[in-house]
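> I would like to see how this sequence folds:
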Amino acid sequence: MATATDLPVSPLAPERFPVLPVVRGVEVTTHSLGLYKGKVRDDLLVVHFPEGASAGGIFTRSSTRSDDVDRCRAALQAGKGRARVLVVNTGNSNAFTGAAGVAKNDATVASAVKMSGCDRHEVFVSATGVIGEPMAPHVISGGVETVWRNLRDPDWEKVANCIRTTDTFAKAAGETVNLNRRNVSIVGVAKGSGMIQPNMATTLNYMFTDANLGPVVCQALISKLGDLTYNCITVDGDTSTSDTLLFFATGAAGGEQIDNPDDPRLADFVAAMHRVLLDLAKQIVRDGEGATKIIEIAVEGGASDDSAKVIACSIANSPLVKTAIAAGDANWGRVVMAVGKTAEPVERDRLSIWFGGHQVAKEGQRSADYSETTATRAVAGDEVFIRVDVGVGRGKATVWTCDLTDGYVKINGAYRS
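Coordinates of the predicted model:
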């Protein structure tokens, strides 16, 4: 299997791993189980919340989703949004593995319960890697019991590196913010590079805070903010079978627990959490397999926000648009094509398009001020901005994607080799 260690770092990667705040009430450890066929790298992550945590999550809507996704959904409901343990493995997605996948998770949950003394509905599991390869039940469960004694304060870089597959860099973001007269920390880690087309959530992503939030608040915030961030990115139009975004709040910062998602005291916290999630989501696009450019696509004038988003995603997922941008070709006619193929309401004779700040099309035809030189300059750098007005209503949406290069084919052609 192609892994992060085999691939050159994305040219869009951050210069360095961020300095992240301490999140109280979280213990972690990582370990190598050898799931990468001869490659020595950490592929098991165990997270423990000694005093428990409130939890919320969103997951793939794929009809071929993994048992891990079903298990997390059930745990959130049966455990009423309480968490004590998170177990994540890479190298094997445990998706489309039938009874073997269920047995693997039964054993993993049993080991976590044994080591922590928690209820089984307080254990969450995730996996990522090759689809359809059964794994013996004891592999992950045995690993949990082996590494439990190594739990300690988080080394976020090790955590972020552990959950990578074809990612070329570790993804994390965090902030400290004042909530209810106390400083609280927010940290998120993510993995994702290919098989990225959000459908409720995308990839594997974990958010941690020591804010004192109730489960209802955790679920409300991750549902709202996940939709504004993770559900607005795409690399290749493919939705994973394992997509998971979990949010844990330990309450270790103290203070009164906030149980109302509309509590005005949450305003600054919500804004910070939004920034962290959007940072992580954009990092995934920046690490799109083979990517050399990040592309922001803003659509306005839609019949509704949802309609605008469909159009924006059509542009973002068009191989013709993405390959033109990769080549630095300001072929705005491909954007016209991608808008029109959606069957969403569009006023053809009011359609306008901008590359960067330069208007290339106006009211259904090429702009009178169009300059090939200026348009080409707008798509020459590693950050490209496309704006489209479809002339129907007031709906708007912004999505982020990357270009499509031969690197994507090479990475995925070698994925299982």
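> secondary structure class for the nearest residue to residue 250 once chain neighbours are set aside?
Distance criterion Cβ to Cβ, 6 or more residues apart in numbering; nearest residue to residue 250, sequence neighbours excluded, is residue 25 at 3.0 Å. Glycine gets a C-beta too; all of them are placed from N, C-alpha and C. Put simply, residue 25 is coil when judged by DSSP: H, G, I helix; E, B strand; the rest coil.
> ok, the closest residue to residue 348 other than its chain neighbours - contacts?
In space, and not counting its chain neighbours, residue 348 is closest to residue 364: 5.5 Å by Cβ to Cβ, 6+ apart. By Cβ atoms under 8 Å, 6 or more residues apart in numbering, residue 364 lies in contact with 348, 349, 350, 351.
> Most neighbours of all the residues you listed, which one?
Counting neighbours by other Cβ atoms under 10 Å, the top entry in these is residue 351, with 22 neighbours.
> Any buried residues in the strand ranked longest in the chain, and which?
Using DSSP state E to define each element, the chain has its longest strand at strand 44-59. Buried residues in strand 44-59, counting neighbours by 16 or more other Cβ atoms under 10 Å, are found at 44-49, 52-59.
> And the helices in the stretch 201-350 of the chain, which stretches?
For the stretch 201-350 of the chain, the helices defined by DSSP state H, counting those that start in this stretch cover 215-228, 267-286, 305-317, 319-326, 333-340.
> Including distance to residue 295, could those go into TSV?
As requested, those are arranged in TSV below (distance: least, Cβ to Cβ, whole Å):
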stretch	distance to residue 295
helix 215-228	18
helix 267-286	8
helix 305-317	7
helix 319-326	6
helix 333-340	11
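> Could I get those in TSV, plus columns for mean pLDDT, mean neighbour count and distance to residue 377?
TSV is the format used below for those (pLDDT from 0 to 100; neighbours: other Cβ atoms under 10 Å; distance: least, Cβ to Cβ, whole Å):
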stretch	mean pLDDT	mean neighbour count	distance to residue 377
helix 215-228	96	20	31
helix 267-286	96	21	21
helix 305-317	95	22	20
helix 319-326	96	20	13
helix 333-340	97	19	17
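> For residue 407, find the nearest of those.
helix 319-326 (9.5 Å; Cβ to Cβ).
> between the closest one and helix 333-340, how many degrees?
150 degrees (axes from the mean of the first three to the mean of the last three Cα atoms, to 10 degrees).
> picking that back up, closest to residue 328 out of the contacts of residue 364?
Out of the contacts of residue 364, the member with the shortest distance to residue 328 (by Cβ to Cβ) is residue 351, at 23.7 Å.
> buried ones in the helix or strand of the chain with the lowest mean pLDDT?
Least confident helix or strand, the chain: helix 406-413 with a mean of 79, by mean pLDDT, DSSP states H and E. By neighbour count on 16+ other Cβ under 10 Å, the buried set for helix 406-413 is 407, 408, 411, 412.
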